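> Prediction below, plus the sequence it came from.
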Amino acid sequence: MADYKGKIIKISDVWDDWKSRINNVPVLYTLYANQSADAIFDETFVTLIVETEYQERSYLCPLANASAGIEKLWLAFRNKHDAEYRRIYDDLNLQYDPRYSYSETKTLTPNITNATTNTYGRTSTNSGGISNTYGKTETRQTNTYDGQLRDSEKVTHGGSDSNTNTLKNTLGGTDSSSTTTTGSTTETINGYKDSAIATLEKDISFQLRYNVADNYIKAFMAEYTFFDNDNARGCNIWPLL
């Protein structure tokens, strides 16, 4: 079996084998976005673009097998550049209104939600009471020796009543009230420094210029392939070795 390592190979000469490999192992030729399940491109897209635009380009084969060599270059490119192209794709697909040439967000304070918390800790305790002592006396004496009517009754008062108040009220603890303010008010302002039509035109041009799938394959071809214009045919170029 011929060894093509280090040889210049034209893509058209290995295209049938490489195309079969692309379709049989699609996972190697599909690139997914970071932030979604979107396929940035798949094996069908790769097959179409290479077949219609790049078969006339050549590459320096890194392996003994010519068709395996082009896939080796593809995998090397993926390892180097997949992350940056995923990032580009995610950035291009951010949600925004292309008509606006500026956008401003303001957060206003003070906050708008108030919550009041009351804590009741004050106490009132009653103890003791009112005590009455009755000691007052009254003595009546009447002279009855002759049966005549006269002012002869004698009343004698003695002792005394007393009143003792031992009622006591004790206050303790405190009541408290606190207010917490939370939340915010957000004001979003969108507007134009340019006309909406001019801004849309810029956005459309931007999207066309950064077609991630097309640029990915274009960058691969630019990094690993070239036009040899048959200058080396017959001189260490496959299949004419």
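Looks like it came in fine. Residues are numbered from 1 along each chain as shown.
> Counting residues, which helix of the protein comes out longest?
Among the segments of the chain that qualify as a helix by DSSP state H, the longest is helix 66-92.
> Report all helices and strands that that one contacts.
strand 8-10, helix 11-24, strand 31-32, strand 39-41, strand 58-60, helix 212-224 (3 or more C-beta pairs under 8 Å, 6 or more residues apart in numbering; DSSP states H and E). Using the backbone N, CA and C atoms, a C-beta is placed for each residue, glycine as well.
> Could you rerun that using 7 Å?
The criterion is 3 or more C-beta pairs under 7 Å, 6 or more residues apart in numbering; DSSP states H and E, and the helices and strands that helix 66-92 contacts are helix 11-24, helix 212-224.
> Could I get the ones you listed in TSV, plus columns for mean pLDDT and mean neighbour count?
Listed next are the helices and strands packed on helix 66-92 as TSV, based on pLDDT from 0 to 100; neighbours: other C-beta atoms under 10 Å:
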stretch	mean pLDDT	mean neighbour count
helix 11-24	96	16
helix 212-224	95	16
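> In CSV: these, plus distance to residue 177.
Output for the helices and strands packed on helix 66-92, formatted as CSV (distance: least, C-beta to C-beta, whole Å):
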stretch, distance to residue 177
helix 11-24, 74
helix 212-224, 60
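> nearest to residue 38, of those?
Minimum separation from residue 38 across those (C-beta to C-beta) falls at helix 212-224, 10.4 Å.
> Name the surrounding residues that touch the closest one.
With C-beta atoms under 7 Å, 6 or more residues apart in numbering as the test, helix 212-224 has contacts from 31, 40-41, 45-46, 49, 54, 57, 59, 73-74, 77, 81, 85, 88-89, 92.
> Whichever helix or strand comes after it pairs with which strands?
Later in the chain than helix 212-224, the nearest helix or strand by DSSP states H and E is strand 225-226. Here strand 225-226 is paired, per DSSP bridges, with strand 58-60 (antiparallel).
> Identify each buried residue in the longest helix of the chain, please.
66-74, 77-78, 81, 85-86, 88-90 (16 or more other C-beta atoms under 10 Å).
> what does stretch 51-67 give?
Buried residues in stretch 51-67 (16+ other C-beta under 10 Å): 54, 57, 58, 59, 60, 61, 63, 65, 66, 67.
> contacts for it?
3-12, 14-15, 17-18, 21, 69-70, 72-73, 221, 224-228, 238.
> can you rerun that using 6 Å?
With C-beta atoms under 6 Å, 6 or more residues apart in numbering as the test, stretch 51-67 has contacts from 3-5, 7-12, 14-15, 17-18, 69-70, 72, 221, 224-225, 228, 238.
> Let's test this: mean pLDDT of that stretch, rounded?
Average pLDDT, stretch 51-67: 95.
> Likewise for stretch 32-45?
90.
> Just the pLDDT at residue 211, thanks.
Note for residue 211: predicted pLDDT of 86.
> ok, and the closest non-adjacent residue to residue 176?
residue 119 (4.6 Å; C-beta to C-beta, 6 or more residues apart in numbering).
> For that neighbour, which three-state class applies?
strand (DSSP: H, G, I helix; E, B strand; the rest coil).
> burial count for it?
Neighbour count of residue 119, defined by other C-beta atoms under 10 Å: 11.
> Report the separation between residue 13 and residue 74.
From residue 13 across to residue 74, the span is 17 Å (C-beta to C-beta, to the nearest Å).
> Please apply the same query to residue 47.
Using C-beta to C-beta, we find residue 47 at a distance of 12 Å from residue 74.
> mind checking which helix or strand of the chain has the lowest mean pLDDT?
Sorting the helices and strands of the chain by mean pLDDT, DSSP states H and E puts strand 237-238 at the bottom, at a mean of 50.
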